[in-house]
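In: coordinates for the following, if possible.
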Amino acid sequence: MAKAKSLSKSADAAKPGKTAADRKRGVLRVFLWVGLVAAGLGFIYYLSDIFAPLLAALAVAYMLDPLVRRLEKRGWSRRKSVIVIFAAALLAMIVVVGTITPFVVRDISGSVVALTGEFDDANRNGVLDDDEKASFNDWNEDGVADPGYIVRADLWMAKSPHFHEVRKYMVENRIPERVVEWAKENAREIARTTFDFGSAGFKAILGAFSAVTWWAVNVMLFPIYLYFFLEGFGGVRDKTVEFIPSVWRPKIQKMGAEIGESVSAFFRGRLILIFILAILTAIAYAIIGLRFGVILGLLIGLTSLVPFLPLAFVVPAMVIAGLEFQTAGMVIAVLSVYLVSQFIIEPVLTPYLLGKSTGLHVVTVMVALFVWARLLGAVGLLLAVPITAALKVIARETVLPLLAEQEAPAVEGSS
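Out: The predicted structure follows:
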């Protein structure tokens with residue numbers, strides 16, 4: 001028995017262990033991969049406008065790939081599965097647009113009435129019928145159509161004592177005549193300044209038009225990218241695995257599976273969450289009676305994926321509420337709907353929908369969003385959570401074991 005133990009100990013001692021050179025090579029490999037990832041991120045940042053729709057399509061394809069594989073297991077071809085998913089998405093889009101359009105048309109018509117004060121005489125009989133009473137201004141609720149915002153502003157200025165004082169001061173001090181004289185004396189400079197402002201304005205309009213056109217092209221390219229990504233995702237995944245060296249393949253496949261599971265679970269949960277928030281916010285604004293409430297509520301909910309972005313629609317909603325109801329209570333109500341959805345409903349639903357799928361703390365996610373947005377802009381917001389989750393898994397599986405191996409000899413030597 002003792003002889004067997006001694007033989008096993010001698011065999012263990014004969015096994016080649018990792019030398020210092022091996023550990024150094026391992027560390028160099030890690031730094032090489034980190035450098036390649038950094039170079040890739042820099043390239044993406046340099047061409048972020050081009051890569052944004054491409055990466056968005058890749059992310060959506062990544063989330064829909066499990067559904068495609070599930071349909072493939074039922075005997076469907078991959079192309080047929082992708083076409084069915086696209087058809088279902090198109091049908092859902094038609095239903096959503098068909099549901100929202102009547103509310104938008106009604107709100108636009110009501111906004112025109114609110115500005116001009118002219119009610120919508122649908123049957124053109126010149127009489128305010130019962131079915132037309134919802135499309136005219138009755139600010140004091142006396143059953144008589146009141147003027148719109150434009151006329152009310154003119155009436156307010158006409159009745160304001162300050163307006164009359166300003167007009168009297170201008171007449172007594174010959175302000176209009178002085179302005180005309182100054183304009184004649186400085187006509188050349190005024191023309192040059194006007195031309196400069198006009199050129200700057202034209203450039204700004206042209207830049208805005210180019211930006212809108214570019215984003216419209218990206219929106220049209222998105223479904224094309226998505227289709228080809230979905231159709232070829234399985235083959236790309238299998239081919240990528242073949243290029244991985246056999247020595248590293250098990251560990252990399254394990255890390256890839258863990259990263260993929262956490263990231264896809266995160267995005268699926270977030271999408272479900274923002275759809276719930278969008279529907280609840282739209283319903284709340286519709287109950288309040290806010291003009292454009294349905295479309296604003298949907299936009300506020302759908303943009304909840306990016307922190308603070310919903311404020312771009314909350315502020316206009318508050319302005320509309322102030323103009324529409326002219327009470328601070330309704331403005332506070334509109335703001336309260338947003339605050340309740342973001343700070344009460346979302347924290348309650350998040351643990352159930354996301355749980356600990358990513359293994360990232362909420363604070364870590366927030367910091368990652370700010371850091372990657374600062375580094376990569378809009379692309380960084382899209383990739384913040386996947387990159388952070390991937391870096392965490394890579395560090396745990398590669399960097400930490402290497403550090404532990406380097407600490408082990410020091411501990412043995414001290415003992």
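In: packing partners for the longest helix anywhere in the chain?
Out: For the chain, the longest helix by residue count, based on DSSP state H, is helix 187-243. Counting contacts by 3 or more Cβ pairs under 8 Å, 6 or more residues apart in numbering; DSSP states H and E, helix 187-243 is packed against helix 48-73, helix 78-116. Bear in mind the C-beta positions are built from the backbone N, C-alpha and C, glycine included.
In: what about Leu277, neighbour count?
Out: Applying other Cβ atoms under 10 Å, we find 25 residues neighbouring Leu277.
In: isn't it up against Thr303?
Out: No: using Cβ atoms under 8 Å, Leu277 makes no contact with Thr303, being 9.7 Å away.
In: related to what we said a few turns ago, out of the helices and strands packed on helix 187-243, deepest packed?
Out: helix 48-73 (a mean of 17; mean count of other Cβ atoms under 10 Å).
In: okay, the angle between that one and helix 187-243?
Out: Relative orientation of helix 48-73 versus helix 187-243 (axes from the mean of the first three to the mean of the last three Cα atoms, to 10 degrees): 40 degrees.
In: tell me the angle helix 48-73 makes with helix 78-116.
Out: Using the same axes, to 10 degrees: helix 48-73 against helix 78-116 is 130 degrees.
In: average pLDDT across helix 48-73?
Out: Here helix 48-73 scores 79 as its mean pLDDT.
In: got it, and stretch 205-214?
Out: 85.
In: where does the stretch 301-415 of the chain have low pLDDT?
Out: Along the stretch 301-415 of the chain, segments meeting pLDDT under 70 span 307, 350-359, 362, 378-379, 381-382, 402-415.
In: and if we set it to 90?
Out: Applying pLDDT under 90 to the stretch 301-415 of the chain flags residues 301-312, 316-317, 319-331, 341-415.
In: now the element after the longest helix of the chain, going C-ward?
Out: Toward the C-terminus, helix 187-243 is succeeded by helix 249-288 as the next helix or strand (DSSP states H and E).
In: now do that next one against helix 187-243, angle only.
Out: Using the same axes, to 10 degrees, helix 249-288 lies at 140 degrees relative to helix 187-243.
In: which helices and strands does the helix or strand that comes right after helix 249-288 pack with?
Out: The element immediately downstream of helix 249-288 (helix or strand, assigned by DSSP H and E) is helix 293-302. For helix 293-302, the packing partners by 3+ Cβ pairs under 8 Å, 6+ apart come out as helix 78-116, helix 249-288, helix 311-325.
In: now render those helices as TSV, adding distance to His164.
Out: Output for the helices and strands packed on helix 293-302, formatted as TSV (distance: least, Cβ to Cβ, whole Å):
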stretch	distance to His164
helix 78-116	26
helix 249-288	38
helix 311-325	26
